[in-house]
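[1] need a 3D model of the sequence below.
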Amino acid sequence: MGHFSDEGSEQKEMDINSLSSSHRQSLPYIHKVGVPPKQNLMKEFASTVKETFFADDPLRPFKDQPKSRKLILGVQAIFPILEWGRSYNLAKFKGDLIAGLTIASLCIPQDIGYSKLANLDPQYGLYSSFVPPLIYAFMGSSRDIAIGPVAVVSLLLGTLLQNEIDPTKNAVDYRRLAFTATFFAGITQATLGILRLGFLIDFLSHAAVVGFMGGAAITIALQQLKGFLGIKSFTKKTDVISVMHSVLGSAHHGWNWQTIVIGASFLVFLLFAKYIGKKNKKLFWIPAIAPLISVILSTFFVYIFHADKKGVQIVKHIEKGINPSSAGEIFFTGNYLLKGIRIGVVAGMIALTEAVAIGRTFAAMKDYQLDGNKEMVALGAMNVVGSMTSCYVATGSFSRSAVNYMAGCQTAVSNIIMSIAVFLTLMFITPLFEYTPNAILSAIIISAVIGLIDCDAAILIWKIDKFDFVACMGAFFGVVFASVEIGLLIAVSISFAKILLQVTRPRTATLGRIPRTNVYRNIQQYPEANKVPGLLIVRVDSAIYFSNSNYVRERILRWLTDEEEQLKAAGLPQIQFLIVEMSPVTDIDTSGIHALQELHSSLQKREIQLILANPGRVVLNKLHASNFPNLIGQDKIFLTVADAVLTCSPKVAEEV
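    Down below sits the predicted model:
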């Protein structure tokens with residue numbers, strides 16, 4: 001790290017600047033660091049905006065096209081069905097027909113159950129699998145995603161809504177608030193897509209989503225104990241302690257054994273069907289149609305044996321007919337407007353996160369590109385239209401999408417087929433569900449949400465990143481022991497805390513030379529790397545901003561102090577050059593430059609020269625704008641660490 005021979009002590013007295021120049025003649029050619037030309041402010045700003053909001057270059061297809069062609073491309077961008085629909089054929093329709101009918105058999109019983117999670121009448125779940133899938137089929141860009149109500153969003157919506165309005169005492173306003181929340185969920189989703197702000201949903205980390213989904217699955221399953229055990233009086237709270245207290249408190253007088261037999265029997269059947277589907281992928285259709293078979297058989301048994309008269313709770317009346325208009329029921333004024341906006345934004349973001357994650361997963365499996373911003377616009381449009389047609393928040397369902405994929409779907413036409421099947425159900429079949437026991441709906445929901453508990457993902461998160469695991473468990477326990485919204489808040493808070501921690505406390509490392517090379521690497525990662533006598537080489541692995549500039553300066557000085565103490569204790573020559581490797585420093589602000597100036601000042605008092613290695617274009621532009629190179633010396637900025645070391649350390653030069 002310096003200009004030391006074996007005797008070292010004589011070199012200490014030599015002048016640093018004259019020494020480095022005296023050896024420069026005998027060194028290999030060292031490239032000068034290029035000073036980038038000054039950028040036009042408007043061009044720089046336009047480039048930054050383009051990379052932030054238009055990183056995928058969505059206007060590329062419009063380049064050098066006539067106006068008529070641009071118009072066609074614009075319409076196709078809004079309605080992708082007009083593009084892929086031109087090559088649609090009978091072979092693709094066969095795949096979509098089978099897939100659509102398969103997911104319809106799965107979605108119909110699920111929709112009836114999920115509507116209960118949202119504290120709405122059963123028909124509203126079916127409504128939400130009729131209109132939204134049709135809208136999505138025309139505007140969505142995913143070929144595999146299946147649209148409809150999902151358990152997590154239904155529970156979240158039901159929990160947030162009942163905190164504002166009692167769904168039993170004031171069912172009309174509760175329903176109106178649900179439509180209002182759905183409207184603003186759609187507005188939120190569409191706005192994010194139009195303004196190309198989809199990157200905002202990435203702030204909810206994968207680890208937090210895993211924990212949130214797992215906690216929500218536990219909560220949903222516990223909520224189903226009411227229908228599964230035939231309990232009439234049940235808590236409205238969702239935390240595990242309140243639910244278990246309510247369950248155990250009604251054990252002596254509130255449980256119905258006939259209900260338990262029905263629920264347990266069909267739950268075993270559903271789980272066995274899922275097991276068969278996992279063991280043999282070709283039998284995917286068995287777990288797909290198992291819920292509908294369960295509903296048919298359980299309804300038949302209840303009707304034949306008059307089990308409803310023996311305490312078995314049934315669905316009762318389901319409104320017949322297609323979606324009635326609800327445009328006039330949305331709150332656009334009054335006390336419930338802000339509440340509807342707040343609930344809608346939260347539900348919309350969670351629904352968006354789930355749908356985009358599902359869409360990207362299946363797009364990667366089939367090797368095609370998914371436009372995230374188009375997806376957001378499509379999801380937003382379908383929920384806005386849905387709110388006006390008696391639907392509540394719909395999104396992509398993982399279980400249905402998986403069945404859709406395995407059933408051989410080719411395009412979004414499978415959603416249209418499913419929607420038609422739901423339409424026929426609403427028009428003709430809903431009276432047949434009157435004697436369907438609530439226990440079978442609870443069993444269907446329990447079997448469906450079990451898949452949301454991803455233990456393998458949690459174990460992998462623990463192995464990879466302990467802080468991510470804290471976020472995962474924080475979200476999980478927040479949902480299970482508090483509420484869905486508290487769990488969501490914890491998930492977001494821990495995700496932001498991780499970002500802040502990484503920004504304010506970036507990693508730094510001391511570098512050493514790999515033997516017989518001019519490569520300098522982290523000494524902790526490469527223990528065989530040797531420190532250069534008289535030099536301390538430090539790397540900063542982050543941009544230097546106001547949030548971390550003081551920490552970076554203090555951390556470098558601590559590295560220096562520790563190194564000097566070790567050298568003094570060993571009787572070795574002290575540090576004369578501090579080299580800062582700046583390759584990972586992608587940007588620097590005024591506070592960062594001020595921190596470097598303070599570092600230079602501190603080093604001068606110790607008679608140590610500051611050297612910079614390989615600053616990037618943006619960083620170098622800002623350093624020159626602040627006149628920092630003149631402060632430390634124009635010749636103290638090098639292209640590589642190796643060049644800096646060769647210039648400052650004759651011993652290394654001789655070895656090379």
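[2] pull out the buried residues from the longest helix seen in the chain.
    Taking DSSP state H as the assignment, the helix of the chain that covers the most residues is helix 336-366. Neighbour counts using 16 or more other CB atoms under 10 Å place 336, 339-341, 343-363 of helix 336-366 among the buried residues. (C-beta placed from N, C-alpha, C; glycine too.)
[3] now swap in stretch 513-526 and tell me
    The neighbour-count check on stretch 513-526 (16+ other CB under 10 Å) flags 513, 518, 520-523, 526 as buried.
[4] ok, Q162 - contacts?
    With contact set as CB atoms under 8 Å, 6 or more residues apart in numbering, Q162 has these partners: 119, 174, 236.
[5] repeat for L452
    With CB under 8 Å, 6+ apart as the criterion, the residues that contact L452 are 151-152, 213-214, 216-217, 398.
[6] rerun at 7 Å
    The contact partners of L452, by CB atoms under 7 Å, 6 or more residues apart in numbering, come to 213-214, 216-217.
[7] need the pLDDT of it.
    Listed pLDDT for L452 reads 90.
[8] quick check: the gap between it and R606.
    Per CB to CB, to the nearest Å, L452 is found 58 Å from R606.
[9] could you do G321 as well?
    According to CB to CB, G321 stands 84 Å off from R606.
[10] so for the two, which residue has more residues nearby?
    Counting neighbours by other CB atoms under 10 Å for G321 and for R606 shows that R606 has the greater number, 14 against 10.
[11] give me the neighbour count for the residue nearest to S128 when sequence neighbours are not counted.
    Leaving aside its sequence neighbours, S128 sits nearest to C391 (CB to CB, 6 or more residues apart in numbering; 4.1 Å). With neighbours defined by other CB under 10 Å, the count for C391 comes to 28.
[12] and C391, that one's in a strand?
    No: inclusion of C391 in a strand is not indicated when DSSP: H, G, I helix; E, B strand; the rest coil is applied; the result is coil.
[13] F362 and L452: what is the separation?
    Between F362 and L452 the computed distance is 17 Å (CB to CB).
[14] hmm, I typed the wrong one, I wanted N256.
    With CB to CB as the criterion, N256 and L452 are 28 Å apart.
[15] right, and the helix or strand after the longest helix of the chain?
    helix 372-387 (DSSP states H and E).
[16] now for that following helix, which elements pack on it?
    Taking 3 or more CB pairs under 7 Å, 6 or more residues apart in numbering; DSSP states H and E as the contact definition, the neighbouring helices and strands of helix 372-387 are helix 131-139, helix 171-194, helix 336-366.
[17] where do the strands sit along the chain?
    Per DSSP state E, the chain carries strands over the ranges 146-148, 395-397, 508-513, 520-522, 535-540, 577-581, 609-613, 637-638.
[18] between the third one and strand 609-613, how big is the angle?
    For the pair strand 508-513 and strand 609-613, the angle between their directions (axes from the mean of the first three to the mean of the last three CA atoms, to 10 degrees) equals 90 degrees.
[19] show residues contacting strand 508-513.
    520-524, 529-532, 536-541, 555-556, 559, 581, 641.
[20] quick one, that strand and strand 577-581 angle?
    On the basis of the same axes, to 10 degrees, strand 508-513 is oriented at 110 degrees to strand 577-581.
[21] what angle sits between strand 508-513 and strand 535-540?
    Computed by the same axes, to 10 degrees, the angle between strand 508-513 and strand 535-540 is 130 degrees.
[22] C-alpha coordinates for strand 508-513, PDB please?
    Once side chains and other backbone atoms are set aside, the C-alpha atoms of strand 508-513 remain, and they are given as PDB (Å, rounded to 0.1, in the frame of the first residue of the first chain):
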ATOM      1  CA  THR A 508     -18.100  -1.200   2.200                       C
ATOM      2  CA  ALA A 509     -15.100  -3.400   1.900                       C
ATOM      3  CA  THR A 510     -11.300  -3.300   2.000                       C
ATOM      4  CA  LEU A 511      -9.600  -4.700  -1.100                       C
ATOM      5  CA  GLY A 512      -6.400  -6.700  -1.500                       C
ATOM      6  CA  ARG A 513      -4.400  -8.000  -4.500                       C
END
